[in-house]
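Chemist: Everything below, folded, please.
(chains A, B and C)
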Amino acid sequence: MNSLQGNPAFIAYAITCLVLSANLIFLWAFSGATRGKTQTAINPEDAARFGGALVDVNPPEVARVLRAHDNAQANIYPFLFLGLVFVFAGGSADFARIIFGIFVAARLGHSYAYLAGKQPWRTIFFIIGGLSTIALMLDIIWLLVRS
Amino acid sequence: MNSLQGNPAFIAYAITCLVLSANLIFLWAFSGATRGKTQTAINPEDAARFGGALVDVNPPEVARVLRAHDNAQANIYPFLFLGLVFVFAGGSADFARIIFGIFVAARLGHSYAYLAGKQPWRTIFFIIGGLSTIALMLDIIWLLVRS
Amino acid sequence: MNSLQGNPAFIAYAITCLVLSANLIFLWAFSGATRGKTQTAINPEDAARFGGALVDVNPPEVARVLRAHDNAQANIYPFLFLGLVFVFAGGSADFARIIFGIFVAARLGHSYAYLAGKQPWRTIFFIIGGLSTIALMLDIIWLLVRS
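Modeler: Have a look, this model is predicted:
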């Protein structure tokens, strides 16, 4: 089976992947729910089927949720690829737990801060997420050089 | 080699990854082809080199393809990460074939329905894809808890 | 540990993932830096906290960087998923080094050409990246069929 079930770094990755995927899927679904609340539609067939005013440009509330989602995608996907590489390069479970944990907390904080319009928190969470990604990249380089 | 070739859940994942990547790449290339057909360019250097009227905003046909691509990215990437976790957590080949198969069919249906402007099909395919993702997440949680 | 450290195709993948993640993260951070230079803000709370004129639409310089990032995401993520599948399907290290290397060079060239507004280079780099992805997909199909 080649299963990684017994690898604690992989367990940390699996939980990270679950939470961050839930974060992304929530933001995407929330953009649709927010669009519904504005009673607008961006596609003619949606307006025809479900009602709402047809618009060319997203209402500000919807655009905000989509920007939060854009930011989440731009930061989370690279981290998830790098996290997998880290696990398969034999990275330590302790390092995984710390860096994955900080990144997950920072990204959840970022999504909340974006939706709630909280500054400077949004920027602080963004920077913490970015520094976690850089730390992960440096550790992967170290694992590769050492091997 | 650490090869997963003998693992049937991985074979299902590999095929899923091939089809969904083709879906994404087609939509991206199609947005470019659609832009060409509208004889517009969003970059001055494109208008200068290849002709077409320079525009600030994508024509509606192009914007539609890009929205279909946005939706595909937002849903497919999390699923592909979760699918990998499922395979490495020792998930069953039968579950993989069913859930991956339903997700792939739903996403292909969604892309078609978006490009063709078919409602309520687009929404139905979106919901089926979302439910498949949730089922995959729940099964991963089950695999982690059981282990 | 189930480590892939001894697998040369995986080493090639790990380096590819590091460089392409850096490419993506640079473009995202650069879009923020470019926004700062235009002294505009897209969120009211950013204007209130950090100054800048509140705008509804991204200034052209920012929109260009974000289009470069969109293109990078649309092409890099599928390639990184397919590259992982290739490694786990037991793909050869030589093929990995050649195709991953060409793709990485093409994507770095594309990002540079987009930011600098260089045509036909941007299109040429895009096509090279696309052909590399198709070559990778065909080799994965070959690995699956042969197995």
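
Chemist: since we're on the residue in chain A positioned nearest to chain C, how many residues are nearby?
Modeler: Minimum separation of chain A from chain C (Cβ to the nearest Cβ) falls at A:Gly90, amounting to 3.5 Å. For every residue, glycine as well, the C-beta is placed using N, CA and C. When neighbours are defined as other Cβ atoms under 10 Å in any protein chain shown, A:Gly90 has 17 of them.

Chemist: Next, the contact list for A:Ala9, please.
Modeler: Contact partners of A:Ala9, counting by Cβ atoms under 8 Å, 6 or more residues apart in numbering or on different chains, are A:Phe86, A:Val87, A:Gly91, A:Ser92, A:Ala93, A:Ala96.

Chemist: let's see it at 7 Å
Modeler: By Cβ atoms under 7 Å, 6 or more residues apart in numbering or on different chains, the residues touching A:Ala9 are A:Val87, A:Gly91, A:Ser92, A:Ala93, A:Ala96.

Chemist: Could you look up the SS state of it?
Modeler: The three-state label given to A:Ala9 by DSSP: H, G, I helix; E, B strand; the rest coil is helix.

Chemist: quick one: it and C:Ala14, what's the gap?
Modeler: Relative to C:Ala14, A:Ala9 is positioned 15 Å away (criterion: Cβ to Cβ, to the nearest Å).

Chemist: A:Leu27 now?
Modeler: For A:Leu27, the distance to C:Ala14 equals 29 Å [Cβ to Cβ].

Chemist: Residue ranges in chain A under the pLDDT threshold?
Modeler: Low-confidence segments of chain A (pLDDT under 70): A:1-3.

Chemist: Could you pull out the helices in it for me?
Modeler: Listed in chain order, the helices of chain A (DSSP state H) span A:8-37, A:44-50, A:60-88, A:93-116, A:121-146.

Chemist: The third one vs helix B:60-88, what angle?
Modeler: Spelled out, that is helix A:60-88. Counting by axes from the mean of the first three to the mean of the last three Cα atoms, to 10 degrees, helix A:60-88 points 30 degrees away from the direction of helix B:60-88.

Chemist: Which residues are in contact with the closest residue to A:Ile15 other than its chain neighbours?
Modeler: Nearest non-adjacent residue to A:Ile15, counting by Cβ to Cβ, 6 or more residues apart in numbering or on different chains: B:Leu144, 7.3 Å away. By Cβ under 7 Å, 6+ apart, the residues touching B:Leu144 are A:Ile11, A:Ala14, B:Ala89.

Chemist: just to revisit the earlier point, looking at A:Leu27 and C:Ala14, which has the bigger crowd around it?
Modeler: In this view A:Leu27 and C:Ala14 are compared by other Cβ under 10 Å, and C:Ala14 has more residues nearby, 25 against 22.

Chemist: If we ignore the residues flanking it in sequence, what's nearest the more buried one?
Modeler: Closest to C:Ala14 by Cβ to Cβ, 6+ apart is A:Val85, at 4.8 Å.
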